[in-house]
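J.: Provide a 3D model corresponding to the input given below.
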Amino acid sequence: MRKSLVTIAVLGTLALPTAAFAADAAPAAAPAPAYTVSYNVGLFSQYVFRGLTQTDKKPALQAGVDLTHASGLYVGAWGSNISWLEDYKDSAGVNAYYDNSSLELDVYGGYRNTIGETGLGYDVGVLQYIYPGHKLTTTTANTTELYGALSYKWLQAKFSSVVSDDAFNNANGTGTYYAELNANIPLADSGITANLHVGRQKFDGYLDTAYTYTDWKVGATKSFANGVNVGAYYTDTDAKTPANYAAYAAGTAGYKGGRIDGSTFTAFVQKTF
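T.: A predicted model of the protein is given here:
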């Protein structure tokens, strides 16, 4: 295509004045595409969500896709292997809530933009957590959240609120929320970004006292021009130790690997394209 255009332009000099050729030789720039699609895939030493390991400190393969419109509207999907639903056992040592459940699938959509020329960005949307598998009780892990975030440069504040009544609570999940503050600070021109996070998980209903906690994260990511990112981070929480977080080996109901809310270290490699 490029060779054909050059040939036409050269032939045109034989029949057109110089001014006319100059106008024809500078076509308008192609308009920006209305939609863009991006993908990501990564291998993590474990999957940590809001300070809690979801894979019993075992590796996780994660991938996602996002479709974004030039207006700021977007939809996306993301998935990861998990084990926490199968890991939770009752006092007899058998699965308490789910069996054959090893996948988390998140689907979401929203709108993001900036406020005039202030540099202040905002993002609002809805997120559905889906956990395929066989439920052993009426309790479900599937959860719907509404979220809103404000960002300025490398700082972001975000609030997510549960709007599904049966969100792993089997009573009244509505009112449970997660508030977080994130800072992703670029370190000069090194391609390294410092990642800082603190969040507060507030459970509603009968889980309120035992499961409300604060988590935090400190880490760094190195990004390369080819879309590869490598990094690591340390996470911890101030969660209490209710009976259902006690070690399964101690003979009480809980996670077979023990607590899922303790301090831990995660490393990853990810590709975006």
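J.: quick one, what contacts the nearest residue to Val218 once chain neighbours are set aside?
T.: Spatial nearest neighbour of Val218, excluding adjacent residues (Cβ to Cβ, 6 or more residues apart in numbering): Tyr234 at 5.3 Å. Heads up, the C-betas are built off the backbone N, CA and C, glycines and all. By Cβ atoms under 8 Å, 6 or more residues apart in numbering, Tyr234 lies in contact with Lys217, Val218, Gly219, Ser263, Thr264, Phe265, Thr266.
J.: Just the element for Tyr234, please.
T.: Using DSSP states H and E, Tyr234 sits within strand 228-237.
J.: That strand pairs with which strands, and in what direction?
T.: strand 213-223 (antiparallel), strand 264-272 (antiparallel) (DSSP bridges).
J.: Correct me if wrong: Glu104 contacts Ile82.
T.: Yes - proximity of Glu104 to Ile82 meets the contact threshold set by Cβ atoms under 8 Å, at 4.9 Å.
J.: which residues do the two both contact?
T.: Gln54, Tyr131.
J.: on that earlier part again, mean neighbour count, distance to Gln201 and mean pLDDT added to the strands paired with strand 228-237, as CSV?
T.: Output for the strands paired with strand 228-237, formatted as CSV (neighbours: other Cβ atoms under 10 Å; distance: least, Cβ to Cβ, whole Å; pLDDT from 0 to 100):
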stretch, mean neighbour count, distance to Gln201, mean pLDDT
strand 213-223, 17, 6, 96
strand 264-272, 16, 16, 97
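J.: For Gly110, find the nearest of these.
T.: With Cβ to Cβ, the closest approach to Gly110 among those belongs to strand 264-272: 19.4 Å.
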